[in-house]
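1. pasting the structure only:
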Ligand SMILES: [Zn+2]
Ligand SMILES: [Zn+2]
């Protein structure tokens, strides 16, 4: 039993279950935090299953929801029909490849792009949620492949 103090919901207690459950929960969060690939629940499940035979996909989903409710994991959105998750919870925009579904962090200082976009959006009274900002395009690998294909068909 653990006591959680939540400023919005007040004081409440949560039963975190058995030790096995909390071990799985720790491993799921650790794995999501350790990768920059913005994984799906299925990916997390497949990575952990070999060393945690009793793990189920339902448990992975349940735990990801648990972390999301507590702000430890954020949902990047649905890419190619599958929800993607991020262990980096500070608001930052994402680049999504329309070809292979790769999700990359936009490699520019957050404040730089955020300041510009906030100003532009503010001009039309719009507030941007940077945790959900997605820029669509092609990743380097797919851009290269597209170029090669175009060259071959010429
Ligand atoms: Zn790609
Ligand atoms: Zn990210």
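-> That came in fine, so what should we check first? Because the structure is a prediction, the values reported are computed rather than measured. Ligands and ions are numbered 1, 2, ... in the order given.
2. got the residues of this protein near ligand 2?
-> 86, 88, 105 (CB under 5 Å from the ion). Backbone N, C-alpha and C define where each C-beta goes, glycine included.
3. Out of these, which is nearest to ligand 1?
-> residue 105 (14.8 Å; CB to the ion).
4. Can you tell me the closest non-neighbouring residue to that closest one?
-> In this structure, residue 105 finds its nearest non-sequential neighbour in residue 92, 5.8 Å apart by CB to CB, 6 or more residues apart in numbering.
5. likewise residue 98?
-> residue 136 (5.4 Å).
6. how close does the one you found sit to residue 149?
-> From residue 136 across to residue 149, the span is 19 Å (CB to CB, to the nearest Å).
7. Likewise for residue 96?
-> Separation of residue 96 from residue 149 (CB to CB): 21 Å.
8. Over to residue 24?
-> Counting by CB to CB, the gap from residue 24 to residue 149 is 43 Å.
9. Comparing these two, which shows the higher neighbour count?
-> A direct count of neighbours by other CB atoms under 10 Å for residue 24 and residue 149 places residue 24 higher, at 20 against 10.
10. Now find how far off-centre stretch 47-55 is within its chain.
-> Remark: stretch 47-55 is offset 21 Å from the chain centroid, using CA atoms, centre = their mean, to the nearest Å.
11. Please identify the buried residues of that stretch?
-> 47-48, 52, 55 (16 or more other CB atoms under 10 Å).
12. Next secondary structure after whatever helix or strand residue 46 lives in?
-> Using DSSP states H and E, the element containing residue 46 is helix 41-48. Counting by DSSP H and E, the element after helix 41-48 in chain order, helix or strand, is helix 57-69.
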